[in-house]
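**Student:** 3D model of this:
(chains A and B)
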Protein chains: 2
Amino acid sequence: MEAEPCVPPGFRFHPTEEELVGYYLTRKISSQKFDLDVITDIDLYRMEPWDIQGKCKLGYEERNEWYFFSHKDKKYPTGTRTNRATTAGFWKATGRDKAVLSKNRVIGMRKTLVFYKGRAPNGNKTDWIMHEYRLQTSENGPPQASLIIIL
Amino acid sequence: MEAEPCVPPGFRFHPTEEELVGYYLTRKISSQKFDLDVITDIDLYRMEPWDIQGKCKLGYEERNEWYFFSHKDKKYPTGTRTNRATTAGFWKATGRDKAVLSKNRVIGMRKTLVFYKGRAPNGNKTDWIMHEYRLQTSENGPPQASLIIIL
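**Tutor:** You can find the predicted model right below:
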């Protein structure tokens, strides 16, 4: 675990969903630079959840959330289903997607996924949870970055 | 309320007691500069608690703690009792002082005080609470800065 990069002591990365989508994901997708490289890129579906946290740039002992950018892979080039399987298991969506608002306007959506060990449609549910944020326009658009929180 | 000065979006000032005493208060007392002017100086006993929060540099809507530096006034030049009265009331210590540790070493002490409206020994207790941090060496030394959190 590293120290907070270039932020004075006492500051913690506790972003709101509005900041995650409206600032971090929006800038990432439009390829704008960040003053501080806070959120790492990972290829989420080539990693198991228990291996991911070591890749996180922001680390504290008390930390129990990890933030990443991930590009979506399409399972089939012409399909819209995204490949959510890893070697050891798969991520499965749970519940409904939730809107992320900014000034009463929907700027993005949050999907919650749970990790199962094994192969769909079987598999054993684990305690690993992911929040995947996408911009509001991105559902039917080309593959683009998502912002991922592993809980 | 102002935005966070010069810190990227998503960062919040949630310092540990070790950071408050070991970094902020220590640097303040030794007159070292801060990269970011996070904590404001106030004359705590010339202000009522409800007027203080407007002086705080760090403000968020969800905020419910305010951080300040304050110099201690001696009530009597030769005494050791500090003057904790304001115009409308007074701050009264409650409970025992608590040690602030860094790597198992005591680096400072925390005193908790409650604000009463009126004049001691009477007065009506309010919900305003203060944590006052001093360096471990400062109890019998000359007046110096304390770090104050208003809750």
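
**Student:** got a list of contacts for the worst-scoring helix or strand of chain A on mean pLDDT?
**Tutor:** Within chain A, no helix or strand scores below strand A:145-150, which has a mean of 76 by mean pLDDT, DSSP states H and E. Residues outside strand A:145-150 that contact it (Cβ atoms under 8 Å, 6 or more residues apart in numbering or on different chains): A:20-21, A:24-25, A:28-29, A:39, A:42, A:44, A:49, A:52-53, A:65-72, A:128-134. In short, each C-beta sits where N, CA and C put it, glycine included.

**Student:** Restricted to strands, list those.
**Tutor:** Judged by DSSP state E, these include A:66-71, A:128-134 as members of strands.

**Student:** tell me the least confident of the residues you listed?
**Tutor:** For those, the model is least confident at residue A:71; its pLDDT is 78.

**Student:** Name the nearest of the ones in strands among the contacts of strand A:145-150 relative to chain B.
**Tutor:** Nearest to chain B, judged by Cβ to the nearest Cβ, of the ones in strands among the contacts of strand A:145-150 is residue A:67 at 8.8 Å.

**Student:** Return the residues of chain A in contact with chain B.
**Tutor:** For chain A, the residues in contact with chain B (Cβ under 8 Å from any Cβ of the partner chain) are A:7-16, A:19-20, A:23-24, A:34-36, A:38.

**Student:** and with 7 Å instead?
**Tutor:** A:7-15, A:19, A:23, A:35-36, A:38 (Cβ under 7 Å from any Cβ of the partner chain).

**Student:** Pick out the most distant pair among the residues you listed.
**Tutor:** By the measure Cβ to Cβ, A:9 and A:23 form the most distant pair in those, at 23.0 Å.

**Student:** sorry, back to before: in a markdown table, list the residues of chain A next to chain B along with secondary structure, pLDDT and neighbour count.
**Tutor:** What follows is the residues of chain A next to chain B, written out as a markdown table (DSSP: H, G, I helix; E, B strand; the rest coil; pLDDT from 0 to 100; neighbours: other Cβ atoms under 10 Å in any protein chain shown):
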| residue | secondary structure | pLDDT | neighbour count |
| --- | --- | --- | --- |
| A:7 | coil | 82 | 20 |
| A:8 | coil | 86 | 19 |
| A:9 | coil | 88 | 20 |
| A:10 | coil | 88 | 22 |
| A:11 | strand | 87 | 21 |
| A:12 | strand | 85 | 18 |
| A:13 | strand | 86 | 23 |
| A:14 | coil | 86 | 12 |
| A:15 | coil | 89 | 22 |
| A:19 | helix | 93 | 18 |
| A:23 | helix | 92 | 18 |
| A:35 | coil | 76 | 10 |
| A:36 | coil | 79 | 17 |
| A:38 | coil | 82 | 20 |
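
**Student:** Generate a ChimeraX selection restricted to the buried entries among the contacts of strand A:145-150.
**Tutor:** Buried residues among those (16 or more other Cβ atoms under 10 Å in any protein chain shown), as a ChimeraX selection:
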select /A:20,21,24,25,28,29,39,42,44,49,52,66,67,68,69,70,72,128,129,130,131,132,133,134
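
**Student:** for stretch A:39-58, the distance to its chain's centre please.
**Tutor:** How far stretch A:39-58 lies from its chain's middle: 10 Å, per Cα atoms, centre = their mean, to the nearest Å.

**Student:** could you pull out the helices for chain A?
**Tutor:** Ranges of helices in chain A, per DSSP state H, are A:17-19, A:26-29, A:49-52.
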